[in-house]
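Peer 1: okay, structure incoming, though there's no sequence with it:
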């Protein structure tokens, strides 16, 4: 059974690690911030308890999964067969991370990025072995959402993509291949769910609570503003900004000033207890 390393102990990274241990993979969770790392470990245990309380798992399976989980704040120890990152959506950070990982791992290690919007080809361009990098894009919350996009960059080996695809399927995910195009499939289509809702709010068409309720009543599980708070207002804004640039500033992808102000104010959603809505512990 291959060893998995997940880099980034936020909600997304912790959710990916949870999926991995539940599927039987020895998994190490890394974050340079020890507080965030402990929060990520607590999140995993909490979600397992929730699943147990709902009868979706057994105590034996919970105990077995937790035995497969470890954590480290030391990136020098990140040696594994399959390494996936879920760090900040910034190209320099991702490039530097994978460049470092290449120096401590074998040539058989497969690298994956959970990027929402940065082209896989751009991230891989800085590597000595770009054929070993593949996009594996989960959706938040990763342990619940079934869809995963697997993306090949220009240099990605077909065998690397196949290993990533099979790993994703072994987690019980519905896995699809996507081209290395801005936003891949889902974020490209879904971007307007957020952008148009923000435009409606900006133009005083309706309050954000009304927009959320109307879209939920039409069949969406979560309204756009609630969903941005769950994803992270800052993360969502970063993805929109990236796609706006990659589509050569096509106005239909233009980020919204209301969302930008939220980011600048530090109102990043549930993780900061304040976004478009206010949350309590």
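Peer 2: Structure's in. What do you need? Since we're looking at a predicted model, the values are computed, not measured. Numbers count the residues shown, from 1 in each chain.

Peer 1: quick one: the strands in the stretch 51-200 of the chain?
Peer 2: Using DSSP state E, counting those that start in this stretch, the strands found in the stretch 51-200 of the chain span residues 69-72, 82-85, 110-113, 133-137, 147-152, 174-178.

Peer 1: reformat the ones you listed as a markdown table; add mean pLDDT.
Peer 2: Listed next are the strands of the stretch 51-200 of the chain as a markdown table, based on pLDDT from 0 to 100:
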| stretch | mean pLDDT |
| --- | --- |
| strand 69-72 | 97 |
| strand 82-85 | 98 |
| strand 110-113 | 98 |
| strand 133-137 | 98 |
| strand 147-152 | 97 |
| strand 174-178 | 97 |
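
Peer 1: would you mind giving those strands as CSV with distance to residue 158 added?
Peer 2: Every C-beta, even on glycine, is put in place using the N, C-alpha and C of the backbone. Shown next, in CSV, are the strands of the stretch 51-200 of the chain (distance: least, Cβ to Cβ, whole Å):
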stretch, distance to residue 158
strand 69-72, 31
strand 82-85, 17
strand 110-113, 13
strand 133-137, 10
strand 147-152, 7
strand 174-178, 10
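
Peer 1: any chance of those in JSON lines with distance to residue 249 and mean neighbour count as columns?
Peer 2: Below are those laid out as JSON lines (distance: least, Cβ to Cβ, whole Å; neighbours: other Cβ atoms under 10 Å):
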{"stretch": "strand 69-72", "distance to residue 249": "41", "mean neighbour count": "17"}
{"stretch": "strand 82-85", "distance to residue 249": "28", "mean neighbour count": "24"}
{"stretch": "strand 110-113", "distance to residue 249": "24", "mean neighbour count": "26"}
{"stretch": "strand 133-137", "distance to residue 249": "24", "mean neighbour count": "26"}
{"stretch": "strand 147-152", "distance to residue 249": "23", "mean neighbour count": "22"}
{"stretch": "strand 174-178", "distance to residue 249": "23", "mean neighbour count": "16"}
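
Peer 1: residue 98 is nearest to which of those?
Peer 2: Ranking the strands of the stretch 51-200 of the chain by distance to residue 98, with Cβ to Cβ as the measure, places strand 110-113 first at 5.6 Å.

Peer 1: what's in contact with the closest one?
Peer 2: Contacts to strand 110-113, defined as Cβ atoms under 8 Å, 6 or more residues apart in numbering, come from residues 81-85, 94, 98, 101-102, 120, 123, 127, 132-136, 160, 163-164.

Peer 1: parallel or antiparallel, list what pairs with that strand.
Peer 2: Here strand 110-113 is paired, per DSSP bridges, with strand 82-85 (parallel), strand 133-137 (parallel).

Peer 1: in JSON lines, list those along with distance to residue 12.
Peer 2: Formatted as JSON lines, those follow (distance: least, Cβ to Cβ, whole Å):
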{"stretch": "strand 82-85", "distance to residue 12": "10"}
{"stretch": "strand 133-137", "distance to residue 12": "10"}
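
Peer 1: out of those strands, flag the one nearest residue 61.
Peer 2: Evaluated with Cβ to Cβ, the strands paired with strand 110-113 place strand 82-85 nearest to residue 61, the distance being 21.8 Å.

Peer 1: returning to what we had before: for the strands of the stretch 51-200 of the chain, which one sits closest to residue 232?
Peer 2: Nearest of these to residue 232, taken as Cβ to Cβ: strand 133-137 at 15.4 Å.

Peer 1: what residues of the helix or strand hosting residue 42 count as buried?
Peer 2: Per DSSP states H and E: residue 42 is located in helix 34-53. Of all the residues in helix 34-53, those buried under the rule 16 or more other Cβ atoms under 10 Å are 36-37, 39-41, 43-44, 47-48, 51.

Peer 1: between those, which is closest to residue 265?
Peer 2: The closest of the buried residues of helix 34-53, once distances to residue 265 are taken by Cβ to Cβ, is residue 36, at 21.2 Å.

Peer 1: contacts only, for that closest one.
Peer 2: Shown in contact with residue 36 (Cβ under 8 Å, 6+ apart): 9-10.
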